[in-house]
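Peer 1: structure, please.
(one chain, ligands or ions: 1)
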Amino acid sequence: MKRINMIKDNYLLDLTKKYKTPFYIYDGNTIETKYKNILKAFHNCTDFQVNYAMKALSSIAILKFVKKMGACVDTVSINEVKLAFLAGFKANEIFFTPNGTPFSEIEEALNLHVNITLDNMIQIEQYAKLNTKKSIAVRINPKIVAGGNKKIKVAGKKSKFGLALNKIEELHKLKDTHNLQIHGFHIHLGSDIASINSFKDSANVLFNVAKQFKDLKFINFGGGFKVKYKKDDNFIDIFEIGTQLTSLFNTFKKEYSNDLKLIIEPGKFLVSNAGLLLTEITTIKNRHVFINSGFNHLIRPMYYNAYHHIRNISSAKSSDKAYNIVGYICEHDYFGKKRVLNKPSVGDIICIENAGAYSFSMASNYNSRLRPMELFYYNEETTVIRKKESFDDLLTNQIY
Ligand SMILES: *Cc1c(COP(=O)(O)O)cnc(C)c1O
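Peer 2: A predicted model of the protein is given here:
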């Protein structure tokens with residue numbers, strides 16, 4: 001498979017001598033290329049903004065890098081809002097898109113003056129009644145089902161996300177009664193969406209709602225752009241979607257007002273291919289290759305049944321034998337089943353690809369294991385951006 005990630009295997013092998021595996025490494029040059037491709041794809045859109053969905057990978061060094069490229073940030077919890085501030089984002093560059101979080105978080109976000117997007121009537125009403133309120137955006141549910149698997153489809157008819165279209169009447173009333181300003185509409189269909197039509201359909205739903213409201217500043221199409229995980233995998237063509245969404249948007253904008261921005265909110269698209277998880281073979285048994293990692297580090301294969309490409313970068317001897325690559329967690333933790341690997345031996349370095357998005361950010365301490373170190377590579381230099389956890393970290397907050 002043609003590698004998108006730019007870090008060479010020999011360089012990675014050298015790093016495994018300097019830093020002990022397991023560790024994550026992210027390629028800044030890949031993130032930058034992806035970001036530039038987005039800008040190129042949407043270059044015909046006069047007012048355009050990228051909000052990086054930081055739940056994909058929220059390490060502060062990554063946030064700083066993304067900020068430096070010019071992106072704003074999408075957050076889903078008050079702690080993500082705080083991390084975004086720490087990384088240097090200004091309040092107006094932070095977008096808070098909670099889903100059923102306690103209202104206290106929404107009030108806290110309001111006090112921090114970040115942009116707030118709400119998606120249910122009860123909390124919109126609670127918000128409308130506040131004295132200190134400022135305008136909000138509303139996430140709607142366009143009733144379009146899209147996404148790679150059922151855990152990441154978030155906009156079907158019965159979804160927990162987004163305001164149902166039949167609530168728009170109520171929204172109008174609330175707006176008038178409480179003098180609530182609505183400055184944007186938002187959708188987010190799910191993750192791993194490979195169909196441009198899903199976005200086009202939801203654009204039309206959004207425009208229909210948007211034209212009923214006067215003071216909009218932006219329309220946010222969300223994220224979910226599918227990337228390649230393996231050879232021949234389908235993925236979203238960012239140039240195609242950029243061209244098509246821009247053209248729909250520009251037409252709408254002519255009818256609406258000149259002061260309207262198009263926002264997209266990619267998480268996975270920016271960082272997935274950039275990340276690698278480097279591990280080492282600990283033992284081999286019955287075609288099971290064990291590595292010094294588990295779903296405490298990378299849960300996507302087990303939780304989503306996600307395919308991650310896996311390579312033995314230590315061995316040059318190709319083989320046609322298939323192996324199961326498994327972790328050390330005392331449960332079934334298969335990173336990959338029946339994968340052909342170059343001849344494996346204990347101590348070989350196993351590289352797991354597409355480990356940038358929803359990888360470290362979903363890591364845990366299950367089995368009282370430590371979360372790994374994170375490295376950042378940019379222009380042939382590598383820096384540590386997060387130390388490996390220590391035993392003491394497991395004791396923090398325990399009372400005994
Ligand atoms: C998770 C999320 C995204 C990003 O999804 P990706 O599949 O990583 O692009 C964007 N917007 C919202 C509101 C999200 O919750």
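Peer 1: beta-bridge partners for the residue in the stretch 1-150 of the chain positioned nearest to the ligand, please?
Peer 2: The ligand sits closest to A53 of the stretch 1-150 of the chain, with a gap of 3.3 Å, by Cβ to the nearest ligand atom. Every residue, glycine included, has its C-beta placed from N, CA and C. Beta-bridge pairing for A53 (DSSP bridges): D74.
Peer 1: for it, what are its contacts?
Peer 2: Contacts for A53 (Cβ atoms under 8 Å, 6 or more residues apart in numbering) come out as 74, 76, 223, 265-268.
Peer 1: lowest-confidence one in those?
Peer 2: Within the contacts of A53, G223 has the lowest pLDDT, namely 94.
Peer 1: just checking, that residue touches L270?
Peer 2: No: at 9.1 Å, G223 does not count as touching L270 under the criterion of Cβ atoms under 8 Å.
Peer 1: the lengthiest strand in the chain close to the ligand?
Peer 2: Identified as the longest strand of the chain according to DSSP state E is strand 275-285. No: applying Cβ under 6 Å from any ligand atom, one finds strand 275-285 separated from the ligand by no less than 12.6 Å.
Peer 1: and for that strand, what's in contact with it?
Peer 2: Residues outside strand 275-285 that contact it (Cβ under 8 Å, 6+ apart): 5, 7, 12, 15-16, 21-27, 57, 289-293, 297-298, 312, 323, 328, 344-357, 359-360, 372.
Peer 1: mind checking the pLDDT average for the next helix or strand after it?
Peer 2: Using DSSP states H and E, the helix or strand that follows strand 275-285 towards the C-terminus is strand 288-291. Across strand 288-291, pLDDT averages out at 98.
Peer 1: which helices and strands sit right next to the helix or strand just after strand 288-291?
Peer 2: Using DSSP H and E, the helix or strand that follows strand 288-291 in sequence is helix 300-303. Applying 3 or more Cβ pairs under 8 Å, 6 or more residues apart in numbering; DSSP states H and E, we find helix 300-303 packed against strand 334-340.
Peer 1: can you give me the buried ones in the strand it packs on?
Peer 2: Residues of strand 334-340 classed as buried: 334-336, 339 (neighbour count, 16 or more other Cβ atoms under 10 Å).
Peer 1: relative to the whole chain's centre, how far out is it?
Peer 2: 24 Å (Cα atoms, centre = their mean, to the nearest Å).
Peer 1: tell me which strands it pairs with, and in which orientation.
Peer 2: In its sheet, strand 334-340 lies beside strand 322-326 (antiparallel), with partners assigned from DSSP bridges.
Peer 1: residues near the closest residue to M121 other than its chain neighbours, how many?
Peer 2: Nearest non-adjacent residue to M121, counting by Cβ to Cβ, 6 or more residues apart in numbering: K167, 5.7 Å away. Using other Cβ atoms under 10 Å, K167 has 17 neighbouring residues.
Peer 1: likewise Q49?
Peer 2: By other Cβ under 10 Å, 18 other residues sit near Q49.
Peer 1: tell me the confidence at it?
Peer 2: 98.
Peer 1: that one belongs to a strand?
Peer 2: Yes: counting by DSSP: H, G, I helix; E, B strand; the rest coil, Q49 is part of a strand.
Peer 1: got the phi and psi for the closest residue to V384 other than its chain neighbours?
Peer 2: Leaving aside its chain neighbours, V384 sits nearest to L375 (5.9 Å; criterion: Cβ to Cβ, 6+ apart). Torsion angles at L375 (phi, psi; degrees, to the nearest 10) stand at phi -120, psi 150.
Peer 1: low-confidence ranges, this structure, go.
Peer 2: Along the chain, the parts satisfying pLDDT under 70 run over 1-4, 146-148, 152-157.
Peer 1: helices of that one, start to end?
Peer 2: In the chain, the helices defined using DSSP state H lie at 9-18, 28-41, 60-69, 78-86, 103-111, 121-128, 168-178, 196-210, 238-256, 268-271, 300-303, 391-395.
Peer 1: any idea of the angle the second one forms with helix 238-256?
Peer 2: Relative orientation of helix 28-41 versus helix 238-256 (axes from the mean of the first three to the mean of the last three Cα atoms, to 10 degrees): 40 degrees.
Peer 1: now swap in the fifth one and tell me
Peer 2: Angle of helix 103-111 versus helix 238-256, following the same axes, to 10 degrees, is 70 degrees.
Peer 1: for stretch 191-199, what is the distance to the chain centroid?
Peer 2: That offset, for stretch 191-199, works out to 15 Å (Cα atoms, centre = their mean).
Peer 1: in it, which residues are buried?
Peer 2: Within stretch 191-199, the residues that qualify as buried by neighbour count (16+ other Cβ under 10 Å) are 191-196, 198-199.
Peer 1: ok, I140 touching I187?
Peer 2: Yes: using Cβ under 8 Å, I140 is in contact with I187, at 6.0 Å.
Peer 1: which residues do these two both contact?
Peer 2: Between them, I140 and I187 share the contacting residues 162, 205-206, judged by Cβ under 8 Å, 6+ apart.
Peer 1: who in the stretch 251-400 of the chain is up against the ligand?
Peer 2: Within the stretch 251-400 of the chain, the positions near the ligand by Cβ under 6 Å from any ligand atom are 265-269, 357.
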